[in-house]
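S.K.: following is a predicted model, sequence given first.
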Amino acid sequence: MSVLLSVNNLKTWFKTDRGLVRAVDGVSYYISEREIIGLVGESGCGKSVSQLSVLQLIPTPPGEIVSGEVIFDGHDLLKFPANGPEMRSVRGGKIAMIFQEPMTSLNPVLTIGRQLTEMLELHLNMDSEAARERAIELLNLVGIPEAASRIDDYPHQFSGGMRQRVMIAMALSCNPKILIADEPTTAVDVTTQAQLLELMKDMVVRFNTSLIIVTHNLGVVARYAQRIYVMYAGRIVESGITKDIFGNPRHPYTIGLLACVPRLDEPRGRKLVPIVGLPPNLINMPPTCAFLPRCPYRIERCQQEPWPELRLIDGQHYTSCHVDTREK
Amino acid sequence: MLEKRTLPTDFTEMLPRVSEFRRFRRVFFSRRLVVFGLIVILALIVTAIFAPFIAPYNPYKMDLSRKLLQPCREHILGTDSLGRDTLSRVIYGTRTSLMVSVIAIGIAGSIGMTMGLLAGYFGGITNMVIMRFTDALMSFPMILLAMVVAAVLGGGLKNVIIALGVGMIAPYCRLMCGQVLSVKENDYITAGRAIGASNLRMMLGHILPNCFPPLIVLLTLMMGTVILAEASLSFLGIGITPLTAAWGSMVNDGYKYLLTHLMLSFAPGLAIMLVVFAFNMVGDGLRDALDPRLRGTL
């Protein structure tokens, strides 16, 4: 498996009235062909911003991609002008994205058929008839009943789950190399979530697409992702293959996260262990580890030295912590 | 991994189909005044198109031997000081009124909406420049601005159209810009950019259709205003030259004989009132039908 996309030291900052927000502060990751990776972290840790930065969809101002590179197909995507033809052909054509809110991610005044065919016409130069046929095919594929007649419906005539299916169909319509799913199931109920995730997995296997799942739901990544990146306050604090992250978490934040997931197979009466404190305010952060104030493992060294870089601990398992958490 | 895996097709997810058009029709036609306005407007359009067949006389033919006649059998509304048939002139006046208002609104709408779209979409410095220009336009009352333009360019049909068109750019630009700013924030706009659509495609294909309902309402309401403004300009004598049959100049012509020949001013005045009222009613009805939040207000 060769590396398809690699993001190196990406920094996206927002200049606000109250100070500089380092939403993404030196994030590096890669994804190989036909791989499913998960990007996990709590709200506001920079997961979505890092993904939008890859496609240069950050509203500027206030946001700005300060440094870093996004290597895809031998090119650095960040070198292309944000609205230039190269970037546009990547968006949707080679890297597609599914958004969090299916209720608002479809244009309410265009039929779903129009929105699907627009993409096919843009990237594959199909004529309108071929595009329409292909669109019906795609809708069938994602499990929309009576696709041929529903293609002329408007988004408000679809329920949330159905709209997310349409979004999946749209995203995959041009055979992208990578599909970025930005919290694809947050806004739908649990049964629909499961259906959509299965569907998405089936689809990426069928289309040979790599999938980046961005989520705060550990259950989702545990089941689908092969490798996991854990983000905290704009940085990746731990990464590794799924089995290692869940079986042998090494960063205090990951350990804390896993401890606060309720499990069915536990003795009754065990109390959940929350991570104490609140996520840090990203404005004007100190150079030390952002998790320090909440960390139960902290040592003297953490207060004095800056946030450590990721270090390899074994195999593919990286963590950015001075402390060997196994000792406690 | 689960063994049994079929593509789930949950039919209960399907919503009953509602026709937006049927809902629109129901609300729109439920108010009698709106229907009345619509009928008046349709009658106006028919009159304008078929004026030569409806009018009993040539509106431009002077006959000084039959000047200033009171309403009688041959001349239902009488004749003016040059012996022209008032009814025929009122009928031909619909042509002038409609033409002026439609073209003027077309000019104002296309320029104003383009400016508003650009200002709202690009924001920043573009927005600043366009909006300050709009502010400058808006600081004059519309009729005053039109008067200045008409006075500079001189009278005549073409110049009145230009004057009114320029005078009305600002409200369209403002409304459009506001609409774009609010539509732009929606997720589907980011989603549209994420499928690789260009700026032009985003503006015309995705944002513009979402801005339409309030613009259509403004378009209709403005029709009444423009007809009134055109009549005012003509009445003041800096608009359409008295030779052309136009309601405003007819009122002006007739008011000298107001005490003796009431119909000369009254008939075109009534026509103006009726048409402005009709356009306002239809505009109001459209607003109610297109915007659920305003339902039930007059």
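M.R.: Structure received. Numbers count the residues shown, from 1 in each chain, chains lettered A, B, ... in the order given.

S.K.: what does the stretch 151-300 of chain A put close to chain B?
M.R.: A:153-154, A:157-159, A:161-162, A:167, A:170, A:192, A:195, A:198-199, A:202 (CB under 8 Å from any CB of the partner chain). Bear in mind the C-beta positions are built from the backbone N, C-alpha and C, glycine included.

S.K.: which residues does the most centrally placed residue in chain B contact?
M.R.: Central residue of chain B (CA atoms, centre = their mean): residue B:223, 2.4 Å from the mean position. Counting by CB atoms under 8 Å, 6 or more residues apart in numbering or on different chains, residue B:223 touches B:101, B:102, B:105, B:279, B:283.

S.K.: among the residues of the stretch 151-300 of chain A next to chain B, which are located in helices?
M.R.: A:161, A:162, A:167, A:170, A:192, A:195, A:198, A:199, A:202 (DSSP state H).

S.K.: would a markdown table of the residues you listed with pLDDT and neighbour count be doable?
M.R.: A markdown table is the format used below for these (pLDDT from 0 to 100; neighbours: other CB atoms under 10 Å in any protein chain shown):
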| residue | pLDDT | neighbour count |
| --- | --- | --- |
| A:161 | 81 | 23 |
| A:162 | 84 | 26 |
| A:167 | 86 | 25 |
| A:170 | 87 | 28 |
| A:192 | 79 | 21 |
| A:195 | 82 | 21 |
| A:198 | 86 | 18 |
| A:199 | 85 | 21 |
| A:202 | 85 | 15 |
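
S.K.: picking that back up, neighbour-wise, which one of the contacts of residue B:223 leads?
M.R.: Highest neighbour count within those, by other CB atoms under 10 Å in any protein chain shown: residue B:279, with 25 neighbours.

S.K.: now do the strand or helix carrying it, average pLDDT.
M.R.: If you go by DSSP states H and E, residue B:279 is part of helix B:262-290. Average pLDDT, helix B:262-290: 86.

S.K.: same thing with stretch A:97-114?
M.R.: Mean per-residue pLDDT for stretch A:97-114: 83.

S.K.: buried stuff in the helix holding residue B:279?
M.R.: B:263-269, B:271-272, B:275-276, B:278-290 (16 or more other CB atoms under 10 Å in any protein chain shown).

S.K.: residue A:215 contacts residue A:38, correct?
M.R.: Yes. Applying CB atoms under 8 Å, one finds residue A:215 in contact with residue A:38, separated by 6.6 Å.

S.K.: what touches both of these two?
M.R.: What both residue A:215 and residue A:38 touch, as defined by CB under 8 Å, 6+ apart, is the set residue A:221.

S.K.: please enumerate the helices of the stretch 151-298 of chain B.
M.R.: Ranges of helices in the stretch 151-298 of chain B, per DSSP state H, counting those that start in this stretch, are B:157-167, B:169-184, B:187-194, B:199-201, B:208-236, B:247-254, B:262-290.

S.K.: got it, and chain A?
M.R.: Under DSSP H, chain A gives helices at A:47-54, A:85-90, A:112-124, A:128-141, A:147-150, A:160-172, A:190-207, A:218-224, A:242-247, A:252-259, A:300-304.

S.K.: so who does residue 116 touch?
M.R.: Defaulting to chain A. With CB under 8 Å, 6+ apart, residue A:116 has these contacts: A:131, A:135, A:138, A:139, A:151, A:166, A:169, A:170, A:173.

S.K.: actually it's chain B I care about, not the one you picked
M.R.: Counting by CB under 8 Å, 6+ apart, residue B:116 has contacts B:130, B:172, B:173, B:174, B:175, B:176, B:177, B:178, B:179, B:180.

S.K.: again, 10 Å this time
M.R.: Residue B:116 is in contact with B:127, B:130-131, B:134, B:169-181, B:211, B:215, counting by CB atoms under 10 Å, 6 or more residues apart in numbering or on different chains.

S.K.: tell me how far the nearest residue to it once chain neighbours are set aside lies from residue B:258.
M.R.: In space, and not counting its chain neighbours, residue B:116 is closest to residue B:176: 2.7 Å by CB to CB, 6 or more residues apart in numbering or on different chains. According to CB to CB, to the nearest Å, residue B:176 stands 43 Å off from residue B:258.

S.K.: look at those two and report which has more neighbours.
M.R.: The neighbour count for residue B:176 versus residue B:258, taken as other CB under 10 Å, is higher for residue B:176 (26 against 12).

S.K.: just checking, the more buried one touches residue B:108?
M.R.: No. With contact defined as CB atoms under 10 Å, residue B:176 does not reach residue B:108; the gap is 11.3 Å.

S.K.: how much space between the residue positioned nearest the centre of chain A and chain B?
M.R.: Nearest to the geometric centre of chain A sits residue A:214, at 2.5 Å (CA atoms, centre = their mean). Residue A:214 sits 14 Å away from chain B, going by CB to the nearest CB, to the nearest Å.

S.K.: got it, and residue A:147?
M.R.: Counting by CB to the nearest CB, the gap from residue A:147 to chain B is 11 Å.

S.K.: flag the shaky bits of chain B, pLDDT-wise.
M.R.: Segments of chain B classed as low confidence (criterion: pLDDT under 70) are B:1-20, B:242, B:291-298.

S.K.: which positions within the lengthiest helix in it qualify as buried?
M.R.: In chain B, assigned by DSSP H, the helix with the most residues is helix B:86-122. Of all the residues in helix B:86-122, those buried under the rule 16+ other CB under 10 Å are B:86-98, B:100-101, B:103-105, B:107-109, B:111-121.

S.K.: tell me the angle of it relative to helix B:247-254?
M.R.: Interaxial angle, helix B:86-122 versus helix B:247-254 (axes from the mean of the first three to the mean of the last three CA atoms, to 10 degrees): 140 degrees.

S.K.: so how far is helix B:86-122 off the chain centroid?
M.R.: From the chain centre to the centre of helix B:86-122 is a distance of 6 Å (CA atoms, centre = their mean, to the nearest Å).

S.K.: the following helix or strand past it vs chain A: in contact?
M.R.: Per DSSP H and E, helix B:86-122 leads on to helix B:124-138 as the next helix or strand towards the C-terminus. Yes. Against chain A, helix B:124-138 shows contacts by CB under 10 Å from any CB of the partner chain at residue B:124.

S.K.: C-alpha coordinates for helix B:124-138, PDB please?
M.R.: Extracted C-alpha coordinates of helix B:124-138, given in PDB (Å, rounded to 0.1, in the frame of the first residue of the first chain):
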ATOM      1  CA  GLY B 124     -14.200  42.800   2.300                       C
ATOM      2  CA  ILE B 125     -13.100  45.700   0.100                       C
ATOM      3  CA  THR B 126     -15.500  44.900  -2.700                       C
ATOM      4  CA  ASN B 127     -18.400  45.000  -0.300                       C
ATOM      5  CA  MET B 128     -17.100  48.200   1.200                       C
ATOM      6  CA  VAL B 129     -16.900  50.100  -2.100                       C
ATOM      7  CA  ILE B 130     -20.200  48.900  -3.500                       C
ATOM      8  CA  MET B 131     -22.100  49.500  -0.300                       C
ATOM      9  CA  ARG B 132     -20.700  53.000   0.100                       C
ATOM     10  CA  PHE B 133     -21.800  53.700  -3.400                       C
ATOM     11  CA  THR B 134     -25.200  52.400  -2.600                       C
ATOM     12  CA  ASP B 135     -25.300  54.600   0.500                       C
ATOM     13  CA  ALA B 136     -24.500  57.600  -1.600                       C
ATOM     14  CA  LEU B 137     -27.400  56.700  -3.900                       C
ATOM     15  CA  MET B 138     -29.800  56.100  -1.000                       C
END
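
S.K.: residue A:315: which of the helices of the stretch 151-298 of chain B is closest?
M.R.: Of all those, helix B:187-194 sits nearest to residue A:315, with 34.5 Å by CB to CB.
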